[in-house]
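Peer 1: how would this look folded up:
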Amino acid sequence: MGLTDEIPGFREAANEEQFIRSAAFLPVTESICGIEVLPLTLAHFTMLEIARNPFVVGGNPVPEDIASFLWAVSPRYKPNAPFRRWWFVADLRDLDAEKVTAGIEAYMEDAFLDSPGGGKSDDALPTSSYAASLVDIIASEYCWSRSDILKMPFKEVFQYIKRMQKRANPKAPLFNKKSDKVKSEFLQARNA
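Peer 2: As a prediction, this is how the structure comes out:
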């Protein structure tokens with residue numbers, strides 16, 4: 001019996017991580033508080049970043065930000081379709097903003113489950129966008145097209161990056177956000 005077997009909630013967190021990773025490769029939609037959404041892709045992220053949506057760039061979201069976020073990741077989304085967008089937003093009017101905000105935050109947390117840690121750059125200003133960085137990493141390794149990478153769910157992209165990191169350095173530690181958090185909290189409480 002190892003240490004992780006005695007940590008309450010560890011096995012559940014590890015199973016949740018594995019479920020999220022495996023489900024990322026299935027052609028299914030997701031749900032935020034009963035609202036059907038697509039898995040977050042680099043294209044969605046970039047669109048929301050350009051729109052300065054607080055769920056992507058930080059800040060306190062207001063109801064309009066919630067609606068914009070959900071519209072951007074909706075399977076019903078179509079650019080330049082104001083009437084379609086109006087109907088979509090009208091369907092959101094009875095939702096609890098706090099619950100939906102928490103749902104979007106959980107959706108984002110799951111999308112970035114395997115994202116590499118953010119290190120500080122020596123550059124005063126970035127020299128490329130986040131999208132360019134991820135497309136470069138994936139395309140240079142797998143030779144996939146920019147278009148294919150933009151449509152790929154983050155849950156897939158970050159797993160591929162983890163595999164590249166492990167291939168480049170088999171001894172490099174790779175972290176698991178949910179189960180490592182449970183383990184860390186347990187160890188801190190035990191050592192207190």
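
Peer 1: Please make it C-alpha for all contacts and neighbour counts, starting now.
Peer 2: Fine.

Peer 1: Would you map the strands across this structure?
Peer 2: 30-32, 35-37 (DSSP state E).

Peer 1: buried ones in the last one?
Peer 2: When neighbours are counted by 16 or more other CA atoms under 10 Å, the buried residues of strand 35-37 are found to be Val37.

Peer 1: That strand pairs with which strands?
Peer 2: When pairs are called by DSSP bridges, strand 35-37 turns out to pair with strand 30-32 (antiparallel).

Peer 1: what's the offset of the partner strand from the middle of its chain?
Peer 2: The chain centroid and the centroid of strand 30-32 are separated by 13 Å under CA atoms, centre = their mean, to the nearest Å.

Peer 1: Also stretch 171-184?
Peer 2: 17 Å.

Peer 1: which residues does Glu156 contact?
Peer 2: 21, 24-25 (CA atoms under 8 Å, 6 or more residues apart in numbering).

Peer 1: now it: how far from Arg76?
Peer 2: The gap separating Glu156 from Arg76 is 22 Å, by CA to CA, to the nearest Å.

Peer 1: Which one, of the strands of the chain, ends up nearest to Val182?
Peer 2: Nearest of the strands of the chain to Val182, taken as CA to CA: strand 30-32 at 24.0 Å.

Peer 1: what about the closest one, average pLDDT?
Peer 2: Strand 30-32 carries an average pLDDT of 96.

Peer 1: ok, now stretch 150-164?
Peer 2: Average pLDDT, stretch 150-164: 94.

Peer 1: that older thread, kindly reformat the strands of the chain as CSV containing distance to Asp114.
Peer 2: Compiled in CSV, the strands of the chain are given as follows (distance: least, CA to CA, whole Å):
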stretch, distance to Asp114
strand 30-32, 18
strand 35-37, 20
